[in-house]
Structure formats: structure tokens, C-alpha cells
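J.: Quick one: sequence plus predicted model below, questions after.
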Amino acid sequence: MRVYANPDYPGMKLIDGVERIEFKCKRCGDCCRNRGDITLFPQDIPRIAKFLGMKSGDEFLKEYANKLCPSDRPSFYRYVIKDKGDSACTCIFLDENQKCRIHEVKPPACFMYPFVPIGSELYGECKIQANHCVYNSKLGTGLAFNEYLKEIPIYEEEFEIRKRFNHLMTSLMLKPYSKFYQAMYSAISRALFDGYEISDGKNEVEERLEQAEHWASYI
Ligand code: SF4
Ligand code: SF4
């Protein structure tokens, strides 16, 4: 079995996609505190907005998300879920019974926890977050990581599109940024995240992603 500590992240172990692990969630809610890094993928926006009975993706983003951008490219933004503004930085969707209010449609990072994929190869290597859940998990038994992922609802059908999104966001971080390209980065972010109607489905997301990939090819 190949399990080793990741030197960059002392609280994590690195395993590969065929490693077997038995993991039982004890519903402590710890993974919903001290966050601020739950990234919304494009398709999460209309889906969660619809689940919450909102009229549009923009309405959802305004109420439940924060806009983030890297310091060296201020027009290239994405969205993360807001916290409650308390000292524990509790996710805005965690209720008083430690349950997620959007469990059925929560973003992939939440479904996958405590597994954290490395790079865009989501069925490849991953880290396992050790600080909260490791006492609950046994290596060597249970499902392999890639089998575990396939059990996640809404995941497999969107695997390719999520992979393409990851690849696009990663590649844009490596491309040049200057005043000349500023408007292009902004247009890419708008295409990916803003202006969703709740009826928008997978095709709409794919079309937007294609548009963003096309614009990115000019940078
Ligand atoms: S920290 Fe681990 S055990 Fe606790 S709720 Fe999250 S996934 Fe479950
Ligand atoms: S969206 Fe749900 S599962 Fe994810 S951090 Fe918030 S409360 Fe936790």
C-alpha cells in the first residue's frame, strides 16, 4: 500500500486512486468550519439557486457567496461560499443541528471531504485530510477512493465538465496578466459564473465553458 505524508501539508496524507479506505462520517460538522475555500463550480450556481427557490444565480451569489480574485490578477474572479461571520468561520449553510442546508446539492469539495484531489485528475491521486477525520478512517479496507467518488450523487455525469473547468482555471493562473488582457479575464469570469437563470442546465454550462476556453486561447 502506498501511503505517505505530504510534506507540504502536515495534516494530510497522500494516497492514490486505488487505495482502499474505510471512512465513516460522524457528523461533527468540523469540516464546515474555518473554511472560506469552498469554490463554486459554474454548474453549482444555478443548481443551488434553484434548490433554495431563488430566481437567478446572481441572487444566490449576492446572498451566499464571496467574490475572490488572485492579488496579481484582480479581474479574474471566482466565488466561494460565505461564512456566518462568527469567530469559527462557520459555513453559512451549516444549521444549528450540524446539518448542511444544501446537502442534496452541495459543491464537490463538500461531497468529497475528507478526500482532496490533487490537480485536475480527480480519479488520480488525492490527499486525505487527516486532522478531522483520520481517527474515523481505516486505510486498507472499504472502498477505493475512485469508487467512493463514483458514489457521489451529481458527480459522475459532470466529471468531464468539472475536469475541464479545473484545467481552465489552473491554466489561466499560468498565463500572462496585463492591462491588455484585463478585460479578457473579466469576460471569462463573467461567462463562467454570472447571469445564470435557474432553468439553465448542463448544456448552458458547457456552452459558457466553451466560450471561456475560446477566449482563454487568445491569452
Ligand atoms: S469533519 Fe469528517 S467526520 Fe466531521 S462532519 Fe466532516 S466529514 Fe464528517
Ligand atoms: S455547503 Fe454544507 S457541507 Fe459544505 S461547508 Fe457548507 S454546510 Fe458544510
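T.: That came in fine, so what should we check first? Ligands and ions are numbered 1, 2, ... in the order given.
J.: Might you enumerate the residues of this structure proximal to ligand 2?
T.: Cys32, Arg35, Ile38, Ile81, Cys91, Phe93, Leu94, Cys100, Ile102, Lys106, Cys110 (CB under 6 Å from any ligand atom). Where C-beta positions appear, they are placed from N, C-alpha and C, glycine not excepted.
J.: Taking those, tell me the two that lie furthest apart.
T.: Arg35 and Ile102 (13.8 Å; CB to CB).
J.: Now render the residues of the chain next to ligand 2 as JSON lines, adding distance to Asp194 and pLDDT.
T.: Formatted as JSON lines, those follow (distance: CB to CB, whole Å; pLDDT from 0 to 100):
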{"residue": "Cys32", "distance to Asp194": "26", "pLDDT": "92"}
{"residue": "Arg35", "distance to Asp194": "23", "pLDDT": "78"}
{"residue": "Ile38", "distance to Asp194": "18", "pLDDT": "88"}
{"residue": "Ile81", "distance to Asp194": "16", "pLDDT": "96"}
{"residue": "Cys91", "distance to Asp194": "22", "pLDDT": "95"}
{"residue": "Phe93", "distance to Asp194": "21", "pLDDT": "96"}
{"residue": "Leu94", "distance to Asp194": "26", "pLDDT": "95"}
{"residue": "Cys100", "distance to Asp194": "25", "pLDDT": "94"}
{"residue": "Ile102", "distance to Asp194": "20", "pLDDT": "95"}
{"residue": "Lys106", "distance to Asp194": "21", "pLDDT": "91"}
{"residue": "Cys110", "distance to Asp194": "22", "pLDDT": "87"}
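J.: Test my guess that Arg208 contacts Arg190.
T.: No: Arg208 lies out of contact with Arg190 (CB atoms under 8 Å); the separation is 9.3 Å.
J.: Neighbour count for these two, which is higher?
T.: The neighbour comparison of Arg208 against Arg190 (other CB atoms under 10 Å) goes to Arg208, with 22 against 14.
J.: Three-state assignment for that one, please.
T.: Under the three-state scheme (DSSP: H, G, I helix; E, B strand; the rest coil), Arg208 adopts helix.
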